[in-house]
Structures are given as C-alpha cells and as structure tokens.
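> Provided below for reference: sequence and predicted model.
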Amino acid sequence: MRIWLEKQRHLIDFTLASLARRKTKNIGLLLAYTLLVFVLASLTLFTQALRTEATFVLAGSPEVILQRMVAGRHDLIPPGYLDKIGRIRGVQKKEGRLWGYYYDPVLNANYTFMARPADEVADGHIMVGNALARERGLALHNTVSFRSYSGKLFTFEVSGVLSPDSELLSADLVLLSENDFRSFFEYPAGHYTDIALSVANPQEVRTVATKLSSALPDSRPILREEVLRTYQSVFDWREGIILTVLAGAILAFAILAWEKASGLSAEEKREIGILKAIGWETGDVIRMKTWEGLLISLTAFLLGFIAAYVHVFHFGAAVFEPVLKGWSVLYPKFTLVPAVEGLQIATLFFFTVFPYTAAVLVPIWRAAITDPDAVMR
Amino acid sequence: MRPSSVALGVLAVLAGVCLLIFGLFFRLTVEDEQKLTASRALVEKLGLTDLALFTEARYTRHPTQADLHSALQDHPGAFDHFPSGSLLPPPAILTQPHAHLAGKTTSPD
Amino acid sequence: MIELSNIKKAFNQGQPNEYWALHGIDLTVEAGKVTAFRGPSGSGKTTLLTIVGCLSRPTHGRVRFKGEDISGLPERFLTDIRRQSFGFVFQQFNLIRGLSALENVILPAFPTGRPRAELVTAAGELFDQLKLGHRSAAKVEWLSGGEQQRVAIARALINNPEVIIADEPTANLDTALSKEFMAILEGFTAAGKTVLLTSHDPLVVESSAVHRVVGMRDGRLTED
C-alpha cells in the first residue's frame, strides 16, 4: 500500500512538472474549465432551488380558480354567477376575487392591485410589496398617488409594507380595500375578476372542476396542480436562453476535449518513448496521464461547484440577474434556500470529469503500447 | 514542498469544502423554514398563484392565468417580446387537450 | 552472463520494404567486462543492443540473461528486468526537456515506488561521483553536452543495474570529455558492472578500459 501510494505520488510529481512546462496554457485551461463548470453548476443549482421553493410556496394557492371567457378572452364575473355554481359537493368556500394591473408611469412599472377585506386594509390605505416600496421610496405612513385610468388622482396612505422575505411573491403587490378598488378602477358593481374555490379533498378537485365546466360552459377552471406544474418546468433546459447557455457551454467543452484528444505532437510521442525506454511500463504511462486528466478536471469541477454554490446562495445568482430581470423595472430581491438534487450534480460531475480524462488518454494509448526501441533511433 | 503533496492537499481541501456544503448547508435551517412557511401562509391568505418574477407586462406577470385562446395576447410575439418568454414554457394548461370543453351544455345560459 | 542464440531481427516484416537488420548472431557476453561493438553504420550494432537490453524483441532466436530466457517474457516482466538490470545511455541522451537534471535522474525509479527522499539521496551521490553536484537543479536543456551525458549516465545508474549499455557514448564529446568518459567506464568495471557499448571512435575501441571488441558488418559478426 505504501509503495502504491508513493508510486502514485511520483506519477503526480512528474505530471505536474510536465504541466508546469507550459504554465500559462495549462492555467488558462484550468480557468476556462472552471468557468464552464461554474456556469453549468450555477444554472443547475439556481433552477433547482427556484423550482423547489415555488412548489413549496405555491402549494398554498387556491385549489380551483374560475375564470370567465367571452369571445376567447377574460371577462369579468357578472353578478349572480357565484350562485349559479350552486352547491357542489366538496366545495368548502367560494370567494369572488378582485385584482388587476396598473401601469405606473412614474417608474414605468406594472403593479398588481388586489382587493382585501376591510379588516386587513382600511379605506384610503394600502399595503405594498417590499420591492415596490423600495423602488418608489415608500415607508410606513407615507402617502402615494396613483392616476386612475379615468384620469382622476387617488391618494393612499401606506399602512403596511409586506415582508422582504416574501418579495419573490409580493414584489409588485398593492393591497387595498374593496371599495377603493372598485372606485379606482371604476369596476362595475357586483362584478368580480375571478372566483377562488377551496376544495377539502385533493382527490375531488378534478371532479369539481368538471362539474363546474358543465354547470358554467363559459368558465375555465385553473387547478392548483396546473399552477404547480407550470413552475416545475420554469427554466427548463428546453427553454430558449437556458438551451443557448447549455449549448454554448457544451460546445466550449467539446472544443477543449477535442483539442486534447486530437493527437500527440512528435515531442510528446518521443517523451513517452523515453519513459518506456528508461523502465516505465505501459500501465505506468497510462496511469500518469490519467492523473493529468483527473487533477485538472477534479480541481476545475470542485472549484467551479463551490464558486457556483456561493454565487447562487449567497449572491443571489447575480450573474443571471440581468437575464432574469429582462425589462422588468420591479425585480424581487430574493435569496433562495439551498436545495440539492444529487442526480443533477452527479450528472454534471460525470459529464465534466470523465470526458476530459478520456480525451487526455485517447491519443497516448497508441504511443504507450509501442515498443520503446524507436527511441534509440 | 513536493508538488504532489500540494496538489493532493488542494484537492483534499476542495473535496472537504464540497462535502461540508453537501452535509451542512444543503439543509433547511430553522430560519429558512420559517420564511418559507410564512411565504406559503401569505399565498394562502391572498390567494396568490404566481411568483412575481416577470413583471415586465401584465401577461407575463401571471403565466398560470394566461388566456387560453388568444395566441398573440396583446401583441404579436408577446411571449417572445420579453426575455421571460424564453425562460418559461407555455403553462401546461395551454398544451393539454381540452376535449371536455367541446361537450354540449346541459342547461342554457 | 548474456547469451545470444541465432538472433535475427527484421523490420516491416511482410511488407515490401522488409529489412533484415540481423542475420543470425551467436554471442556470449562475459560478466564484469567491457565489450565494445564496432562496425560501420547500418551494421546492426544499435539493433543488437536494443535486443540485449530488452528494448525490443528478436524476430527469431533467443536471449538468455543469467541463464534465464528473457526474449519470450510478457511486457510486464521484461520491463521489470530492464528496469532492475539494465541501464541505458543513449547516443542522443534522450533527456526530458523542461525538467531539471535531478528530476531526469530519478525518473526511472518512479515505478518502483521507492520513497522520494531515498531517490534524491541516491541521485545526490551519483551527482557527486560524476562531478555534477552544482548542476542538479538546472534544467537539462541549459546543460553542456558533457554535462548532459553525465546526467544520462547518472540516470542509467539510479536503479543500480548490473549491465550498462551505451550507444556511441563519445560521438558528441571532445577528446578531453571522451577520456573522462573512459575513466568512468573503468570505474564501472571496478564496481563489478558489465558494460556493452557501440562506437566508431578509435579512442574508445582501442582504449585499455575495453576488454573485448566485437566487429559487425551487415548484420553479422565479423572476425576481430
């Protein structure tokens, strides 16, 4: 065992001395490789964490949301619609909801306005999401004015700012009383935006949805499981930008490996011949080259992964922010909770370490098995 | 210092840090759990259905509530007009068959 | 110590450019003596040396080393014997560029798993013997011809082999260095090592350090 260990250390010494002869090139290689792993690992960690968090948090959304369609577009829920639903078994609660969008020319941002019961928000007051408050410089008890679509100016006092921990959900929310909502948007009396239903038994939800569609043919039910499924495929690798980044990274990696695998220079062949002539077996040469591949790829993988972890979970994936933010003005500040999926990390490991090590070994295979007498000539 | 010692040492340290990350940090702390539970409670209270990630336009803000029939929304190529269109696939509800909507009504409106 | 029976060696066998370098060599090499092979280029001297030193296998015939038949051994065992019993000094030195003299010298011992400290000490002793002590950390491409040859010799000695094989050792040296080399040869004999070498150089062949001269021509032994 000691001998084996010492022998491996000798092989590593030689490999490192050999790599050190082209220091700049090999350090550049290591850095490029690390960067590649960093980008891929960041992507993996970020999307995995976001999906996990979305799935957990949105598990609290309403079981069924009923929308009404007129000529293929959303329309308001008219008065009496709620009663048409009647008594459907399993439906515990049905509630007409009021919400809509408002475009604020001050920030060029879109806000989501939601009406809340009087015990949460009083008339003349609003509660705002933290990102909104931050961007508009609002604090508790400040007043803010919005110009409604009818041209009138409405002034509200901020009675609460939602928690910064929930920015991912509430970045652009403005909560106001039902009366304020209706007068601000001049919402027709008795109408609602949509209906939220809660169903006690999760197995019953589909049946309830079917009953609703037959009772109200112009309605469209949206189930909670559909909501969750949407967010389970967010940042899916098949999507535009992710696919581009992945393809770019894989291509860069392939170029790296191809450069390694595309044959030995005469100098390298000669050196392998010398090693064999002075007493190294074929196996020793191959082991030495394997160490070369492993040292570089393992270091790059570990460094890249650690950097990706810190980047995603301590710096909130700052590198991806410009892409994610797009043209939004209000972008939530959020730090994700670490969630690992071992399979993805393991896949990344195998796809970075093994191809590179194989690429290093392929060209020397032939040289390593030839007889060393060619060296004498 | 012998080069192989340095190299093996560096690898060992890095591997150790990685193991640390997997062992210690990939777990929910009590604080994290509280935050997540609070967020879920907010979702329940307000009846929220979407993350506020894509606030560029109304139709990117609530992807799960998006229209069923209007292919172009308000603008040609709407979903691709903003980067978010390339990050989020069409919600499952839009790609499923909706045979049940082709049925006859049992009562007139 | 080394017996060659009817050694024949062909290159590119079966192809149109087939070439027989050796046509049946029968030879016995005595232990503890210096044997020189002389002959014009193309006579097969180098080929013979590579076969003796287990760097290649004969096409026909047998090589016996200390009574044991080694020409049919699998690669693993052949390499083992080569490493333990034979030390090579090549005509072109064949040192690995970019590495220091010390690193080059201890290289043949790496597969044995001997501790590095031990190897460095052994190399140090060899450097002292060969008067290279001050150059051990220098990169080999910066060494002079004579220094490089002495590094090559030190490398051949690191595993303490019984047989030293040198191919045209003085071809790249001036008279003074050649004489120094012959003195080193005498040192080998004093230490009980067997030496085989090839040379054109009369300085080598006619030297008193050489005990036996074997002539070769066209892949056959000639009278000497």
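Right, received. Where do you want to start?

> buried stuff in the helix or strand hosting residue B:38?
According to DSSP states H and E, residue B:38 maps onto helix B:30-46. Of the residues in helix B:30-46, those buried under the neighbour-count criterion (16 or more other CB atoms under 10 Å in any protein chain shown) are B:32, B:35-36, B:39-40, B:42-43, B:46. Just so you know, the C-beta spots here come from the backbone N, C-alpha and C atoms, and that holds for glycine as well.

> count of residues packed around residue C:57?
Neighbour count of residue C:57, defined by other CB atoms under 10 Å in any protein chain shown: 18.

> Check whether stretch C:86-104 comes near chain B.
No. Under the criterion of CB under 8 Å from any CB of the partner chain, stretch C:86-104 makes no contact with chain B; the nearest approach is 10.2 Å.

> for stretch A:29-38, same thing?
No. Counting by CB under 8 Å from any CB, no contacts exist between stretch A:29-38 and chain B, the nearest distance being 11.0 Å.

> Show me the contact partners of that stretch.
Stretch A:29-38 has contacts (CB atoms under 8 Å, 6 or more residues apart in numbering or on different chains) with A:249, A:252-253, A:256, A:296-297, A:299-301, A:303-305, A:307-308, A:311, A:348, A:352, A:356.

> 7 Å instead?
With CB atoms under 7 Å, 6 or more residues apart in numbering or on different chains as the test, stretch A:29-38 has contacts from A:249, A:252-253, A:256, A:296-297, A:299-301, A:303-305, A:307-308, A:352.

> re earlier: using pLDDT, spot the least trustworthy of the buried residues of helix B:30-46.
When the buried residues of helix B:30-46 are compared on pLDDT, residue B:32 comes out least confident, at 84.

> if we can go back for a sec, who wins for most neighbours among the contacts of stretch A:29-38?
Across the contacts of stretch A:29-38, the neighbour count under other CB under 10 Å reaches its highest value at residue A:305, namely 27 neighbours.

> Mind checking what secondary structure that residue has?
The assignment at residue A:305 comes out as helix when based on DSSP: H, G, I helix; E, B strand; the rest coil.

> does it really touch residue B:18, like I thought?
Yes. When contacts are counted by CB atoms under 7 Å, residue A:305 is listed as touching residue B:18 (6.2 Å).

> pLDDT score for the one residue in chain B that gets nearest to chain C?
Ranked by CB to the nearest CB, the top residue of chain B for proximity to chain C is residue B:2, at 6.6 Å. What the model reports as pLDDT for residue B:2 is 84.

> can I see the domain layout of chain A?
A:2-58+A:235-376, A:62-232 (automatic domain parsing).

> Now the last one: average pLDDT?
Right, the one you point to is domain A:62-232. For domain A:62-232, the per-residue pLDDT averages 89.

> Show the average pLDDT along the longest helix seen in chain A.
If each helix of chain A is counted by residues according to DSSP state H, the longest one is helix A:23-57. For helix A:23-57, mean pLDDT rounds to 89.

> And the next helix or strand past that helix?
Next in sequence after helix A:23-57, counting helices and strands by DSSP H and E, comes strand A:64-70.

> Kindly spell out which helices and strands sit in contact with whichever helix or strand comes after that following strand.
Past strand A:64-70, heading to the C-terminal end, the next element that is a helix or strand (DSSP H and E) is strand A:73-75. When contacts are defined as 3 or more CB pairs under 7 Å, 6 or more residues apart in numbering or on different chains; DSSP states H and E, strand A:73-75 packs onto strand A:64-70.

> List the contacts of the most centrally placed residue in chain A.
Computing the C-alpha centroid of chain A and ranking residues by CA atoms, centre = their mean puts residue A:47 first, at 2.5 Å. Taking CB under 7 Å, 6+ apart as the contact definition, residue A:47 lies against residue A:235.

> Pull the contacting residues for the most centrally placed residue in chain C.
Most central residue of chain C, judged by C-alpha distance to the mean C-alpha position with CA atoms, centre = their mean, is residue C:165 at 2.0 Å. Residue C:165 makes contact with C:49, C:52-53, C:86, C:88, C:196 under the criterion CB under 7 Å, 6+ apart.

> What ranges does the chain have for its helices?
No chain specified, so I'll use chain A. Listed in chain order (using DSSP H), the helices of chain A are A:2-20, A:23-57, A:81-85, A:130-136, A:167-170, A:178-185, A:205-215, A:224-232, A:240-261, A:266-277, A:282-313, A:321-325, A:342-369.

> Chain C, not that one
Defined through DSSP H, the helices belonging to chain C, from first to last, are C:45-52, C:75-85, C:101-106, C:116-129, C:145-157, C:175-190, C:202-205.

> Ok, which of the ones you listed comes nearest residue A:96?
Nearest of the helices of chain C to residue A:96, taken as CB to CB: helix C:116-129 at 81.1 Å.

> what about the helices in chain B?
For chain B, the helices defined by DSSP H cover B:3-20, B:30-46, B:58-61, B:78-81, B:92-95.

> Would you enumerate the residues in contact with the nearest residue to residue A:188 once chain neighbours are set aside?
Setting aside the residues directly before and after it, residue A:188 is nearest to residue A:76 in space (CB to CB, 6 or more residues apart in numbering or on different chains), at 6.8 Å. With contact set as CB under 7 Å, 6+ apart, residue A:76 has these partners: A:68, A:188, A:191-193.

> How about residue A:257?
Going by CB under 7 Å, 6+ apart, the list of residues near residue A:257 reads A:355-356, A:359.

> list the contacts for the closest residue to it other than its chain neighbours?
Taking CB to CB, 6+ apart, and ignoring the residues beside it in sequence, residue A:257 has residue A:359 as its nearest neighbour in space, at 3.9 Å. Neighbour list for residue A:359: A:257, A:260-261 [criterion: CB under 7 Å, 6+ apart].

> out of the contacts of residue C:165, which is most surrounded?
Counting neighbours by other CB under 10 Å, residue C:88 comes out on top of the contacts of residue C:165 with 29 neighbours.

> Spell out which residues of chain B are next to chain C.
Residues of chain B found near chain C, taking CB under 7 Å from any CB of the partner chain as the criterion, are residue B:2.

> so where's chain B uncertain?
Segments of chain B classed as low confidence (criterion: pLDDT under 70) are B:59, B:67-90, B:92-109.

> same check, this time on chain C
Across chain C, the ranges flagged by pLDDT under 70 are C:223-224.

> Against chain B, how distant is residue A:333?
As judged by CB to the nearest CB, to the nearest Å, residue A:333 and chain B stand 11 Å apart.

> Let me fix that, I meant to ask about residue A:44.
Distance check for residue A:44 against chain B: by CB to the nearest CB, it reads 13 Å.

> cool, and residue A:177?
Here the criterion is CB to the nearest CB. By it, residue A:177 lies 14 Å from chain B.

> I'd like to know the beta-bridge partner residues of that residue.
Using DSSP bridges, the bridge partners assigned to residue A:177 are residue A:116.

> isn't it right up against residue A:119?
No. Using CB under 7 Å, residue A:177 makes no contact with residue A:119, being 9.9 Å away.

> between those two, which one's more packed in?
When neighbours are counted by other CB under 10 Å, residue A:177 and residue A:119 differ, and residue A:177 comes out ahead with 21 against 7.

> For the more buried one, give me its contacts.
When contacts are counted by CB under 7 Å, 6+ apart, residue A:177 is found next to A:115-116, A:118, A:121-123.

> Please apply the same query to residue A:101.
So residue A:101 contacts A:110, A:112, B:58 (CB under 7 Å, 6+ apart).

> swap the cut-off to 10 Å and go again
The contact partners of residue A:101, by CB atoms under 10 Å, 6 or more residues apart in numbering or on different chains, come to A:110-113, A:172, A:185, B:55, B:57-59, B:61-62.

> what does residue C:203 give?
Contact criterion CB under 10 Å, 6+ apart gives C:170, C:173, C:175, C:178-179, C:181-182 as the residues in contact with residue C:203.

> Perfect, that will be all.
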